[in-house]
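*Asks:* Predicted model follows, preceded by the sequence.
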Amino acid sequence: MVSRTVLVARPDSAGDVLLAGPAVRAVSAHADHVIFLAGPRGRAAADLLPGVDRVVEWQAPWIDPDPPPVTGEHVARLMNALPDAGEAVILTSFHQSALPLALLLRLRGVGRITAISEDYPGSLLDVRVRIDETRHLPEAERMLTVAAAAGFEPVDGAAPADEGFAVVVTGGPGERALTAQVAGGHAVDLGGLTSLPELAGVLRDACALVAGNTGPAHLAAAVGTPVVSLFSPVVPARRWAPYGVPYVLLGDQEGPCKDTRAQICPVNDHPCLAGVTAAQVVKAVRELIA
């Protein structure tokens, strides 16, 4: 019997890769080997995905926010790094095109390619998926739709989290002063002390996570932990809220920054979140624990 090797591509940020987890799980349930194509911003998250046998890292010039120049040398790195795969599932967000990567995979010899494309793909895609983007389908479900169209039906999700009541504050190396201030003398301060796999372990053992709409929220969902999401409306919550776990959404979803996709707040004093009180957060945590 011929081994079925499938390439799953999501060369994006860590949160995007984590949201691809259910689709990857669906693919791995039916494939013999799964190769995951990740970008440098999502590589650490890709290493955490169950069912992935190998991660290939490559910076896609049409995806990465700090894109490298398109050169023959850069493209050759991808061609040389990719092992043989009989088929590919390209995962994208609504504002991204799958066709540049589909072209490169065709040149690499990939035989069957599935992706979402509003533009006419010609012979670049074997299975073209069309999505009604006005529905704001959750990103994880959007990617599951692509996997299912490729013939990989979804499987059951992550296991539930353990109970626990200690308060732990986490953050990156550049946020140590902030995490120390937040933790004060009442919480465990892990600012700058956890790698992404270690953070996944902390979140797995937590009864709930309080976080903004960023990567750790999706990491918590990936390990089955409920989330209190302090969600700024720069992207639609219906599309980007934590997927597959109970969550409580806090924040003004009609704020002036709505749908701007801004990475730095374009409005003074963060009005979309400034009205959220500590009491509301505690209440939300209690609801999730209950």
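*Replies:* Yes, it's here.

*Asks:* tell me the domain boundaries of this structure?
*Replies:* 5-149, 168-289 (automatic domain parsing).

*Asks:* I'd guessed residue 11 sits against residue 64; true?
*Replies:* Yes - Residue 11 sits in contact with residue 64 when judged by CB atoms under 8 Å, with a separation of 7.4 Å. In short, each C-beta sits where N, CA and C put it, glycine included.

*Asks:* Looking at the two, which one has more neighbours?
*Replies:* Of the pair residue 11 and residue 64, residue 11 is the one with more neighbours under other CB atoms under 10 Å, namely 30 against 17.

*Asks:* got a list of what the more buried one touches?
*Replies:* If a contact means CB atoms under 8 Å, 6 or more residues apart in numbering, then residue 11 has 37, 38, 39, 42, 58, 59, 60, 63, 64, 101 as its contacts.

*Asks:* which SS class is residue 287?
*Replies:* In the three-state summary, residue 287 is assigned as helix, counting by DSSP: H, G, I helix; E, B strand; the rest coil.

*Asks:* Tell me, how many residues neighbour it?
*Replies:* By other CB under 10 Å, the residues close to residue 287 number 13.

*Asks:* can you pull the buried residues of stretch 50-66?
*Replies:* Residues 51, 52, 55, 56, 57, 58, 59, 60, 63, 64 are the ones in stretch 50-66 that count as buried (16 or more other CB atoms under 10 Å).

*Asks:* Residue 86: which of these is nearest?
*Replies:* Ranking those by separation from residue 86, with CB to CB as the measure, puts residue 56 on top at 15.8 Å.

*Asks:* what about that closest one, distance to residue 149?
*Replies:* Between residue 56 and residue 149 the distance is 23 Å, computed by CB to CB, to the nearest Å.

*Asks:* hmm, back to that, out of the buried residues of stretch 50-66, which is nearest to residue 224?
*Replies:* Residue 224 lies nearest to residue 51 out of the buried residues of stretch 50-66, by CB to CB, at 16.1 Å.

*Asks:* Single out the most deeply packed of the domains of the chain.
*Replies:* Counting by mean count of other CB atoms under 10 Å, domain 5-149 has the highest mean neighbour count of these, with a mean of 19.

*Asks:* chain center to it: distance?
*Replies:* Relative to the mean C-alpha coordinate of its chain, domain 5-149 is positioned 12 Å out (CA atoms, centre = their mean, to the nearest Å).

*Asks:* I'd like the mean pLDDT over it, please.
*Replies:* In this model, domain 5-149 has an average pLDDT of 95.

*Asks:* how long is that domain end to end?
*Replies:* Using CA to CA, to the nearest Å, the end-to-end distance of domain 5-149 comes out at 17 Å.

*Asks:* Then stretch 224-238?
*Replies:* Taking CA to CA, stretch 224-238 runs 19 Å from one end to the other.

*Asks:* Now do it, average pLDDT.
*Replies:* For stretch 224-238, the per-residue pLDDT values average out at 93.

*Asks:* residues in contact with the residue nearest to residue 138 when sequence neighbours are not counted?
*Replies:* Closest residue to residue 138 apart from its sequence neighbours, by CB to CB, 6 or more residues apart in numbering: residue 243 at 5.3 Å. When contacts are counted by CB under 8 Å, 6+ apart, residue 243 touches 19, 22, 138, 139, 140, 141, 218, 221.

*Asks:* Show the contacting residues for the fourth one.
*Replies:* Pointing back at residue 139 there. In this structure, residue 139 makes contact with 16, 19, 93, 239, 240, 243, judged by CB under 8 Å, 6+ apart.
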